[in-house]
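Participant: Whatever this is, show me its structure:
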Amino acid sequence: MENVVLKRKCILTPPENISWASEMVLNPAIIIDPKTKRTHLLIRTTGPYPEKQCEGKPLPYPIFLAYAYSDDGENYEFDFETPALAPMLNNNLDDLWTFNGKGEKTPAYMNGCIEDPRLFWVENSLYLTVACRMFPPGPFWEYDDPQQCMPEWAKSSENPFHTQKNPTVTLLYRVNLDMLSQKNYSAAFKYITNLTSPVYGEDRDVFLFPKKMKIDGKMQYVMIHRPYCPDNYFGITQNKPSIMISAAEDFYSFAEKSSKREILYSPTEDWQAEKVGGSTPPVDIQNGEWLLNYHGKKDDKIGYGQSFMILKEQENDFPRITYLCPEKWIVGEEDFEMPNKAAIPAIFFTDSVKCGDKLIVSYGACDEKACIMELDCNKIISEVKRFPYNK
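Facilitator: As a prediction, the model looks like this:
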């Protein structure tokens, strides 16, 4: 494959003196304000949190979002005074509730961690998706067990939230860029709803197309997500983590059983043996075509790679894959992209913005560093179109 990478840059390593970010910083979201041209970032961070440790349990490592910005696209200012978005970190059943965008009392799935942010526009409003767990993880880079820091009651039938296994549930927030720029975080984020349900198990790498599409005779929102067990959904026969596409008339309906869904793409290549998922929100390349970046993982030794596909809008149906590069295209090359504390090789794209002919991607390097990559968008499109998809 032709090299489409113009630049790779590490913008942040874990700051030693910030407890909630001292262990890892990774997987940023990125958006450019169309009015001011300021680049805004939300960066996943973690650090030890002994004040919320349950007796007999490992030290918890809650996951937060830190805010950063740049006015020139090169130099970044980071706010480590306080997290931009933080989990609630309650352990009692009565304290695990919040209110959604309708003012309805709903489970506080964001109680334990808020991770892997993605910022994107939908119908001229800015939204944020985040992968959340009801209870914080422990040192997951050493031992990846989401249950290890949970209170014992939460693993039992006393837990009414279907979160006994502490699965990832993806949530949707509306974002006010003006308030974010002013670091008025309480006014910058409005919780809307959960887009996935713990009833169907782990589900992440979630984002939406920026407009409604006509599907089954109705104008509907269209969502990309990656369930860990797709066959938990009715009518789906696929047991490997795969890219799923879903439609709903409103945001609140995506987590319901009645939402229309199907598998968009499942692992087919050796480098995707363990899983595939969408990486960054789709980019409009005109004429009803969308560029979609996706990732694959072979195993814990080989790790993750990135590639691309193109989707084409259909009449009264989901967009379909028309071109797909089956090869692992982008992997770690620089020293700062190599494994360190987390042993699994991972160049993990989480968000992107198109600036002229460039695609600026925010990504995490091996779960420890926050990075930016610039890609030649035109070259990507021409290369992907060498691979018609005929499934």
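
Participant: Only C-alpha atoms from now on, for both contacts and neighbour counts.
Facilitator: Fine.

Participant: how about the helices in the stretch 201-350 of the chain?
Facilitator: Taking DSSP state H, counting those that start in this stretch, the stretch 201-350 of the chain contains no helices at all.

Participant: need the longest helix for the protein.
Facilitator: If each helix of the chain is counted by residues according to DSSP state H, the longest one is helix 377-384.

Participant: Run through who's touching it.
Facilitator: Among residues not part of helix 377-384, those counted as contacts by C-alpha atoms under 8 Å, 6 or more residues apart in numbering are 1-2, 4, 291, 308-310, 323-325, 354, 357-359.

Participant: export it as PDB, just CAs?
Facilitator: What follows is helix 377-384, C-alpha atoms only, in PDB (Å, rounded to 0.1, in the frame of the first residue of the first chain):
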ATOM      1  CA  CYS A 377      -7.000  12.100   2.300                       C
ATOM      2  CA  ASN A 378      -7.000  12.100  -1.500                       C
ATOM      3  CA  LYS A 379      -4.300   9.300  -1.600                       C
ATOM      4  CA  ILE A 380      -6.400   7.300   0.900                       C
ATOM      5  CA  ILE A 381      -9.500   7.500  -1.200                       C
ATOM      6  CA  SER A 382      -7.700   6.600  -4.400                       C
ATOM      7  CA  GLU A 383      -5.900   3.600  -2.800                       C
ATOM      8  CA  VAL A 384      -9.100   2.300  -1.200                       C
END
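
Participant: Which one of the contacts of helix 377-384 sits in the busiest neighbourhood?
Facilitator: Taking other C-alpha atoms under 10 Å as the neighbour criterion, residue 310 ranks highest of the contacts of helix 377-384 with 26 neighbours.

Participant: How about the contacts made by it?
Facilitator: Under the criterion of C-alpha under 8 Å, 6+ apart, the neighbours of residue 310 are 289-292, 321-324, 381, 384-385.

Participant: if we go to 6 Å?
Facilitator: 290-292, 321-323 (C-alpha atoms under 6 Å, 6 or more residues apart in numbering).

Participant: and which of those residues is nearest residue 225?
Facilitator: Proximity of those to residue 225 (C-alpha to C-alpha) peaks at residue 292, which lies at 12.3 Å.

Participant: ok, so what distance separates the closest one from residue 23?
Facilitator: The gap separating residue 292 from residue 23 is 31 Å, by C-alpha to C-alpha, to the nearest Å.

Participant: would you list the contacts of residue 310 in CSV and tack on distance to residue 95 and pLDDT?
Facilitator: Shown next, in CSV, are those (distance: C-alpha to C-alpha, whole Å; pLDDT from 0 to 100):
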residue, distance to residue 95, pLDDT
290, 42, 98
291, 42, 98
292, 39, 98
321, 44, 98
322, 48, 98
323, 48, 98
